[in-house]
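1. build me a model from this:
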Amino acid sequence: MKLDAALPPVSLKDVPAIAQAAEALGFAALWTQETQHDPFLPCTLIAEHSSKMQMGTAIAVSFARSPANLAYTAWDLAAQSAGRFMLGLGTQVKAHVERRFGMPWPQSVTGKLREQIQVLRAFWDCWQNGTKLNFRGEYYKVTLMSPFFNPGAIEHPNIPIYIAGVNTGLAKLAGELCAGFHAHPFNSPKYMNEALLPAMEEGLQKSGRKRKDITVSMTPFIATTPEEQGFARMQIAFYASTPSYKPVMDLHGWGATAEQLSGFAAKGEWHEMPMLITDEMLAEFCLITDENRLADDLKKRYAGIADRITLYTPFVPKEKDEWWRELARSFN
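-> Presented below is the predicted three-dimensional model:
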């Protein structure tokens, strides 16, 4: 099991120092997010200011971009980083794709994401091996690649594609087509074992692959102080209010609470929501422990489930450096 770090939402000028510190402390990878900032631009700086550590997007919003945009960007980052870049894609939810990015929401989420992955690989095969670009699907028709627009072969063309998901459809697609799966932070060992991992296994069997052929990355909530418990309770309430995430609550028998949370969110009554997250719910979705037991408890909780762990808490240099160093050492 590898320990990765999450890049905090900072300006680009701060990324080099964070990348250097993360590598020095022993993290296996540094992941960027698409929240307040572009997820790809920091990866160029992480690659430039590290030598061994991997980097990747967790996640870039796939439906906000064309496959060509993604293919060119990932190709350049793979070349620059000597193969250390990992392309993590997520679909986001309908409201954000349509109203924040101004892009159409597909009739089939898994259908469009499947085609995006296939088109990406068609571009890369064309550039690396000279294969004719000729993809014709329901969502994309991509058939033109003249020499002027072909970046050519690179030394590390096998770019790992991770996709993120909450529900079983995307877990199954990851098992079928992808190198990795980013499980959403709103998760539990029970949901992984009873819903997502079985779905992933279906996809693996469909493509003739084994569990060892895919990497599962988890981003768990952890709480070692009452303040961290309060933060986790707020975030869990926020995620549980999302209607498309309701199957997670349903599996635990908490569907009615999810509906209440959705109602509060629709009215903007955010302050009411954390009170609906009981201690039992908090313990399912957040690892509550103390600092000196954290590494052992993480390994125990996610044994047989996760191959990579990134704490939901972003890594900030000079804040608890020795604690981070000891935690990373426990995973190396």
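2. what's the neighbour count on Gln128?
-> For Gln128, the count of nearby residues is 15 (other C-beta atoms under 10 Å). Backbone N, C-alpha and C define where each C-beta goes, glycine included.
3. next one: the one 3 residues further on
-> Thr131 has 13 neighbours, counted by other C-beta under 10 Å.
4. for it, what are its contacts?
-> Contact analysis of Thr131 by C-beta atoms under 8 Å, 6 or more residues apart in numbering lists 122, 125.
5. quick one, strands of the stretch 51-200 of the chain?
-> Assigned by DSSP state E, counting those that start in this stretch, the stretch 51-200 of the chain shows strands spanning 54-57, 60-61, 85-90, 135-136, 141-142, 161-165, 180-183.
6. and the longest one, what other elements does it pack with?
-> Using 3 or more C-beta pairs under 8 Å, 6 or more residues apart in numbering; DSSP states H and E as the contact test, the elements touching strand 85-90 are strand 54-57, strand 60-61, helix 67-80, helix 109-129, strand 161-165, strand 180-183.
7. who are the packing partners of the first one?
-> Contacting strand 54-57 under the criterion 3+ C-beta pairs under 8 Å, 6+ apart are the following elements: strand 29-32, helix 41-48, strand 85-90.
8. the last one too?
-> Contact here means 3+ C-beta pairs under 8 Å, 6+ apart; on that basis strand 180-183 packs against strand 85-90, strand 161-165, helix 168-177, strand 215-218.
9. how far is it from where the chain is centred?
-> For strand 180-183, the distance from its own C-alpha centre to the chain's C-alpha centre is 6 Å (C-alpha atoms, centre = their mean, to the nearest Å).
10. pull the residues that contact that strand.
-> Taking contacts as C-beta under 8 Å, 6+ apart, the residues outside strand 180-183 that touch it are 58-59, 86, 88, 90, 160-165, 170-171, 174-175, 192, 196, 200, 214-219, 306, 308.
11. quick check: which of the strands of the stretch 51-200 of the chain is nearest to Glu291?
-> Nearest to Glu291 among the strands of the stretch 51-200 of the chain is strand 180-183 (23.9 Å), distances taken as C-beta to C-beta.
12. list the neighbouring strands of that closest one plus their orientation.
-> In the sheet, strand 180-183 lines up against strand 161-165 (parallel), strand 215-218 (parallel) (DSSP bridges).
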